[in-house]
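1. Got a predicted structure plus its sequence, pasted below:
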Amino acid sequence: MDSLRQVGISIPKIYESIAAQAGGFNRVSFTKRDMYNEVRRQRSLQNGDVNAALRFLEVASRRDEKMYWRYEVGVGQHMCDLFWSDGRSQEDFRLFGDVLAFDATYGRNKYNLPVVVFSGVNNHNQTCVFATAMVSSETQSSYVWVLRKFLECMDGRAPKAIITDGDRSMRVAIQEVFPDAHHRLCAWHLLKNATSNVCMPRFTYLFRHCMLADIEVEEFELQWEAMVSECGVKDHEWVKDLYSKKLLWATAYIRGRFFAGIRTTSRCESLHAKLGRFVESRYGILEFITNFQRCVEFLRDNEDELEFRSSYGTPVIQTEFPELEKSGAMNFTREIFARYRESLKRCVRVTVLGCIESEGTCTYVTQKYRRPEKRWNVTHHGMSDTFVCTCLRMESFGIPCVHILAVLVRLDIGSLPKSLVLQRWSKAAKVEMSGVNQVDDTEALYRNRVGAFLQHCKRFARVACQSEENFKVYTEKVVEDTLRLEMMNGDAGDGAGSGHAAQGVRDPIGVRTKGTGRANEPFGSRAVKRRKCSTCGCLGHRRTRCPNGPRVTTSYTEQNTVPSQHMPNRDPTVIWDKQKIFLSMSICL
């Protein structure tokens with residue numbers, strides 16, 4: 001049961017599996033209630049849910065030297081905040097931590113503690129987890145504590161860009177802990193707020209264009225003035241406040257800052273959806289941590305598969321520029337190469353009008369096909385072999401724009417310069433990850449040892465269980481040796497024994513967060529729902545006893561003497577005959 005519960009299988013499913021192995025439910029000598037009682041007994045032996053979780057993290061830190069975890073207690077020694085991050089997550093942040101996205105999710109544990117997952121994008125354009133935290137309240141002080149622990153965990157390396165949903169507590173905490181990071185607001189949440197605050201489809205449509213359009217600052221200001229004048233919301237307080245935050249959401253002002261192509265917190269929402277497959281609302285702290293780590297391992301397994309696909313095989317050439325396409329396939333991962341190839345296909349629509357030469361630089365004027373008003377300048381620095389375009393797509397997304405690719409075609413260049421291959425998008429992004437390889441090797445060696453030892457144990461069990469005497473002797477010996485090794489190592493293997501973690505920490509108090517609904521209210525705080533009458537809608541009685549409704553009688557004689565005006569177009573004798581038939585049928589049965 002413990003082994004199956006560790007991989008997220010519920011107790012009813014475990015009971016069915018045991019019954020199938022035993023040959024039927026009648027052959028199982030215990031019930032599902034006995035299994036639930038055993039789980040409850042194990043939890044009571046762990047000296048509290050939080051203490052068991054802290055011992056689990058302590059044991060994990062012995063296998064992973066870079067494992068970082070901190071917690072904070074509140075009134076009555078109840079745990080209120082918890083933060084942890086393993087070695088591979090820290091190495092991922094070192095390589096892909098330039099862009100950080102985080103959001104709070106609710107209803108993932110029985111205490112209703114909001115879970116904050118810090119995530120980013122790796123070289124395969126896949127979501128990767130940097131750290132995780134559980135907070136007791138979504139206040140500024142809680143977020144400041146979490147962000148400071150995050151900064152301490154990452155050796156003082158702060159992200160360059162952060163994307164959140166615009167929560168005020170988050171925004172103030174980010175300004176305090178990461179003052180140099182550029183904070184961007186989620187585009188989806190802004191459109192949702194525009195729909196609910198202004199309630200005008202035309203305004204939402206125009207606002208979306210102003211926010212996401214790749215235009216200059218002057219054009220943005222003109223479009224904004226035209227939009228507020230057309231919709232008549234120039235004096236709207238929410239619109240004024242939105243315009244004051246334009247540096248946090250307008251593409252015209254954000255352009256040139258690297259956000260890895262992320263505009264919304266949809267990656268966080270997708271990660272929360274994946275998390276729902278591994279954790280449930282009834283889980284405690286220990287069960288949540290163990291199953292959350294399973295979710296992270298699932299994501300890393302997908303990453304390893306993508307790494308393998310990018311390392312072997314060559315994509316089929318599809319463009320008219322095979323040399324540039326092969327160069328992109330050699331440098332970028334498969335997912336990034338697909339985006340690069342789309343830009344290479346569209347570069348034929350761009351025309352190079354001329355070249356302006358100066359000291360060490362050449363500026364190429366490009367124009368979109370049959371669009372003379374759409375012009376961009378691409379500057380080539382010969383000494384450093386770098387290209388800079390006025391559209392700033394390379395600086396914003398890290399992928400060469402169609403204008404730079406058109407200039408490469410004009411110059412008859414057959415391979416991408418190193419300045420146009422961003423290291424975080426390349427296949428060799430993780431070549432220098434020496435620390436994470438050591439962590440992975442240690443974890444892989446531990447699992448290989450466990451797998452090999454289990455095979456020997458199975459063989460030993462088949463021989464030792466053939467007789468009752470051998471079974472008792474070797475069982476006692478195995479238990480004694482296990483206890484002796486646990487005392488030598490100072491742990492109980494899976495975090496269930498005594499370790500060096502604090503033993504006086506009490507379980508957190510259930511909280512109600514602003515993101516939870518009625519189903520996630522703390523136990524005991526939910527008021528009793530009184531039933532209303534379906535006829536008059538009043539409390540205190542039902543439809544059968546409603547004084548304003550039709551009288552419902554239970555007497556057999558009165559049922560057969562109902563006045564005809566209550567049943568128009570019906571013959572009372574027919575009803576009487578049917579009731580006699582039903583009565584005779586019931587007597588026969």
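-> Perfect, I can see it now. Remember, it's a predicted structure, so these values are computed and weren't measured experimentally.
2. Not counting its neighbours along the chain, what's nearest residue 139?
-> Take residue 139 and drop its neighbours on the chain: the residue closest to it by CB to CB, 6 or more residues apart in numbering is residue 169, 5.8 Å away. To be clear about C-beta, it is placed using only N, CA and C from the backbone, and glycine gets the same treatment.
3. That neighbour contacts residue 143, doesn't it?
-> Yes. Between residue 169 and residue 143 there is a contact under CB atoms under 8 Å: 5.4 Å.
4. The two: which is more packed in?
-> Set residue 169 next to residue 143 and count neighbours by other CB atoms under 10 Å: residue 143 wins out with 27 against 16.
5. quick revisit: tell me the SS of the residue nearest to residue 139?
-> In the three-state summary, residue 169 is assigned as helix, counting by DSSP: H, G, I helix; E, B strand; the rest coil.
6. SS state for residue 406?
-> Residue 406 is classified as helix under three-state DSSP.
7. Tell me the spacing between it and residue 314.
-> 25 Å (CB to CB, to the nearest Å).
8. again, but for residue 88
-> Residue 88 is 29 Å from residue 314, by CB to CB.
9. Those two - which one has more neighbours?
-> Counting neighbours by other CB under 10 Å for residue 88 and for residue 314 shows that residue 88 has the greater number, 22 against 8.
10. is it true that that one touches residue 299?
-> No. Applying CB under 8 Å, one finds residue 88 not in contact with residue 299, separated by 10.8 Å.
11. tell me the domain ranges of the protein?
-> Per the record, the chain has its domains at 2-45, 50-303, 322-430, 434-489, by automatic domain parsing.
12. Serialize these to TSV and add fields for distance to residue 540 and mean pLDDT.
-> Converted to TSV, those look like this (distance: least, CB to CB, whole Å; pLDDT from 0 to 100):
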stretch	distance to residue 540	mean pLDDT
domain 2-45	37	86
domain 50-303	33	89
domain 322-430	63	92
domain 434-489	61	81
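13. Please name whichever of those is nearest to residue 542.
-> domain 50-303 (32.3 Å; CB to CB).
14. Quick one: end-to-end length of the closest one, please.
-> In domain 50-303, first residue to last residue: 31 Å (CA to CA, to the nearest Å).
15. ok now it, how far from the chain's centre?
-> Domain 50-303 has its C-alpha centroid displaced from the chain centroid by 10 Å (CA atoms, centre = their mean, to the nearest Å).
16. One more: stretch 474-484?
-> Centroid separation between stretch 474-484 and its chain, computed with CA atoms, centre = their mean, is 42 Å.
17. Residue 247: neighbouring residues, count only.
-> 12.
18. Also the one 10 residues further on?
-> For residue 257, the count of nearby residues is 14 (other CB under 10 Å).
19. got a list of what it touches?
-> Contacts for residue 257 (CB atoms under 8 Å, 6 or more residues apart in numbering) come out as 160, 161, 182, 395, 396.
20. helix, strand or coil for it?
-> The three-state label given to residue 257 by three-state DSSP is coil.
21. and it, what are its phi and psi?
-> When quoted as degrees, to the nearest 10, the phi and psi of residue 257 stand at phi -100, psi 140.
22. what comes up buried for stretch 69-85?
-> 69, 70, 71, 72, 73, 79, 80, 81, 82, 83, 84, 85 (16 or more other CB atoms under 10 Å).
23. ditto for stretch 360-371
-> Using 16+ other CB under 10 Å as the test for burial, stretch 360-371 gives 364, 366, 367, 368.
24. Likewise for stretch 287-299?
-> 287, 288, 289, 290, 291, 292, 293, 295, 296, 299.
25. what's the answer for stretch 338-351, then?
-> Buried, per 16+ other CB under 10 Å, within stretch 338-351: 339, 340, 341, 343, 344, 345, 347, 350.
26. need the contact list for the residue nearest to the second one when sequence neighbours are not counted.
-> Among residues not flanking residue 340 along the chain, residue 328 sits closest, at 4.6 Å (CB to CB, 6+ apart). Shown here is residue 328, whose contacts under the criterion CB under 8 Å, 6+ apart are 337, 340, 341, 344, 416.
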